[in-house]
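In: Below: sequence and its predicted model.
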Amino acid sequence: MKKSFKFIIIFVVLILLVMFSKNLIARTVINNLVKSITGLHLSIKSINLGITTTNIDVEDLKLYNPRGFHDKIMADIPQIYIDYSLGALLKRKIYFREIKFDLKEFVVIKNKDGKLNIDSLKTVKKGKKEEVKEKREGLLKMQVDILHLKIERVIYKDYTKGLPPPMIKKYNINLNEKYTNITDPQQLAQLILYKALIKTSIAKLAGFSIDFLQHNLSNLLRQTGILGKPALKAMELGEGAEGAVKEVGEKLKGVLEDIKLPIGAEEKNK
């Protein structure tokens, strides 16, 4: 009886050790992966790695601004769900069957010196072909089969006016889209940044060009519909883009007439 009880205790302790070790390894991998993509510091409240499954639940991830910015947090991400391949990881490859990425709030800041916090992102530096020193040997390759991307709110803060309260604009974009076949960590980061900016006037207000993002993501963006100069023009003009929006509407109307579908429904852009 004593031996059976002792065996049960040892077994439970081993299970706890395995759970703790797996979660610690998962935290290290996720932390290093996000930092290698963004170049910024982050914090994670908790990570749960399944024992019998290949699922990772990341809760309350926060990405922090670099020095020189009044606000502490750039991105508030309540949850990331990942279904990964263990076999690929053992071969130094990152293969995600599915990622669910829930971005609650993304904050773009122009500080009193006119610098943008998003210019510090490694993916922006690479996209603009700035020199970024990094070791390429031993880097993990990444494949994402399916990405479910949600972005709730984007905020712009401008401190260049010199007053204590900055100029603030808030955009509730409530984006919910699916993408497939993402083959590069930087592509993933650029997609999230692009989708956070495209439905706002922030790029125009902040003087931030998204041309390189659109160019790098052209194949992915085709998955969700029409992307052309009128749509880009509407984003750049922001809130005063009535002409560009009308141009997009006329093009859509022409497409519908060509395939002989009735036009009766109007979609309100929130």
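Out: Now that the structure is in, tell me what you want to look at.

In: And Ser120, how close does it get to Leu86?
Out: As judged by C-beta to C-beta, to the nearest Å, Ser120 and Leu86 stand 34 Å apart. Backbone N, C-alpha and C define where each C-beta goes, glycine included.

In: neighbour-wise, which of these two wins?
Out: Ser120 (18 against 8; other C-beta atoms under 10 Å).

In: Please name the spatially closest residue to the more buried one (chain neighbours excluded).
Out: The shortest distance from Ser120 to any non-neighbouring residue, by C-beta to C-beta, 6 or more residues apart in numbering, is to Pro66 (4.6 Å).

In: Run through the helices of the stretch 151-270 of the chain in chain order.
Out: 185-198, 202-206, 211-216, 218-221, 229-237, 242-258 (DSSP state H, counting those that start in this stretch).

In: got the contact list for the first one?
Out: Residues outside helix 185-198 that contact it (C-beta atoms under 8 Å, 6 or more residues apart in numbering) are 33, 36-38, 101, 103, 106, 108, 118, 121-124, 126-127, 142, 144, 147, 149, 151, 154, 173, 175, 177, 179, 182, 203, 208, 210, 213-214, 216-217, 220-221, 235.

In: host element of the residue nearest to Ser120?
Out: Pro66 belongs to no helix or strand when assigned by DSSP states H and E.

In: dump the residue contacts of it.
Out: Counting by C-beta under 8 Å, 6+ apart, Pro66 touches 40, 117, 120.

In: Could you list the low-pLDDT ranges of the stretch 51-200 of the chain?
Out: Low-confidence regions of the stretch 51-200 of the chain, defined here as pLDDT under 70, cover residues 51-52, 89-90, 128-141, 163.

In: Was I right to think Ser201 contacts Ile173?
Out: No: counting by C-beta atoms under 8 Å, Ser201 stays clear of Ile173, with 11.7 Å between them.

In: tell me what the host helix or strand of Lys104 is packed against?
Out: Using DSSP H and E, Lys104 sits within strand 93-110. For strand 93-110, the contact count by 3 or more C-beta pairs under 8 Å, 6 or more residues apart in numbering; DSSP states H and E identifies strand 73-84, helix 86-90, strand 141-158, helix 185-198, helix 202-206 as packing neighbours.

In: want to try TSV for these, with distance to Pro164 as columns?
Out: Below are those laid out as TSV (distance: least, C-beta to C-beta, whole Å):
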stretch	distance to Pro164
strand 73-84	19
helix 86-90	48
strand 141-158	12
helix 185-198	27
helix 202-206	20
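
In: wait, which of those is closest to Gly50?
Out: Gly50 lies closest to strand 73-84 among those, at 9.7 Å (C-beta to C-beta).

In: Can you list the strands that the closest one pairs with?
Out: Sheet pairing for strand 73-84, assigned by DSSP bridges, gives strand 55-64 (antiparallel), strand 93-110 (antiparallel).

In: Now that strand: buried residues?
Out: Residues of strand 73-84 classed as buried by neighbour count (16 or more other C-beta atoms under 10 Å): 74-78, 80, 82-84.

In: which of those residues lies closest to Lys169?
Out: Once C-beta to C-beta is applied, the member of the buried residues of strand 73-84 that ends up nearest Lys169 is Met74, at 16.2 Å.
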